[in-house]
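Novice: here is a sequence with its predicted model. Questions after.
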Amino acid sequence: MTKRFCAVLDTNIYVAAFFSRNVSSPNKELMQRWRNGEFQVIACEFLKQEIVEKFLARKISPTRLRELLIDLDRLARLIVVGDDEIPSLIPADPDDDVIIACAVKAKADYLVTYDPHFDVLGGEYGGVRIVKALPFLWAVRGDRPPGD
């Protein structure tokens, strides 16, 4: 039995899962594994609002957006991040500071993102590993990365 991880999924993971046409997409598999209870997603109100904005901007079906929001309310651990809990870490995109604060406050194992702005943190901050979808998927599966 592998450890059940807690993770904050950045908005770009949800968008990538929706747009992927590849049946073996790591993003789609992560969404399915989350919905199957194989790991816990952590979110905050800011992240939910950002998901709404990005989905609407990309003209993703309101029905699909509503389904995701219902799943987040039903399956994710929702936390409140106060303004005083948000560090100034990512000058290129201060909105990303809220995502980091959400992950750190919740003591997440991972923050999963494709956003290169997080690279300034060197792959870890406050005990949270910052990775792309595939390495996180390997961790959820209990796999070793290729060449490891």
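Specialist: Arrived safely.

Novice: for the record, mean pLDDT for stretch 49-63?
Specialist: Mean pLDDT, stretch 49-63: 93.

Novice: residues touching it, excluding its own?
Specialist: For stretch 49-63, the surrounding residues in contact (Cβ atoms under 8 Å, 6 or more residues apart in numbering) are 11, 12, 14, 15, 18, 19, 64, 65, 68, 69, 72, 95. The way it works is simple: take the backbone N, C-alpha and C, and place the C-beta from them, glycine included.

Novice: which one (most neighbours) among the residues you listed?
Specialist: residue 14 (23 neighbours; other Cβ atoms under 10 Å).

Novice: backbone phi and psi for that one, please?
Specialist: The phi and psi torsions at residue 14 (degrees, to the nearest 10) take the values phi -60, psi -40.

Novice: nearest residue to it other than its sequence neighbours?
Specialist: In space, and not counting its chain neighbours, residue 14 is closest to residue 51: 5.7 Å by Cβ to Cβ, 6 or more residues apart in numbering.

Novice: how about residue 4?
Specialist: residue 39 (5.8 Å).

Novice: report the separation between that neighbour and residue 89.
Specialist: Going from residue 39 to residue 89 by Cβ to Cβ, to the nearest Å gives 24 Å.

Novice: ok so, going back, what would the contacts of stretch 49-63 look like in TSV with distance to residue 84 and secondary structure?
Specialist: As requested, the contacts of stretch 49-63 are exported to TSV (distance: Cβ to Cβ, whole Å; DSSP: H, G, I helix; E, B strand; the rest coil):
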residue	distance to residue 84	secondary structure
11	23	helix
12	27	helix
14	27	helix
15	30	helix
18	34	helix
19	36	helix
64	35	helix
65	31	helix
68	29	helix
69	27	helix
72	24	helix
95	17	helix
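
Novice: ok, which pair from the residues you listed is furthest apart?
Specialist: Taking Cβ to Cβ as the measure, the contacts of stretch 49-63 span a maximum distance of 22.9 Å, between 64 and 95.
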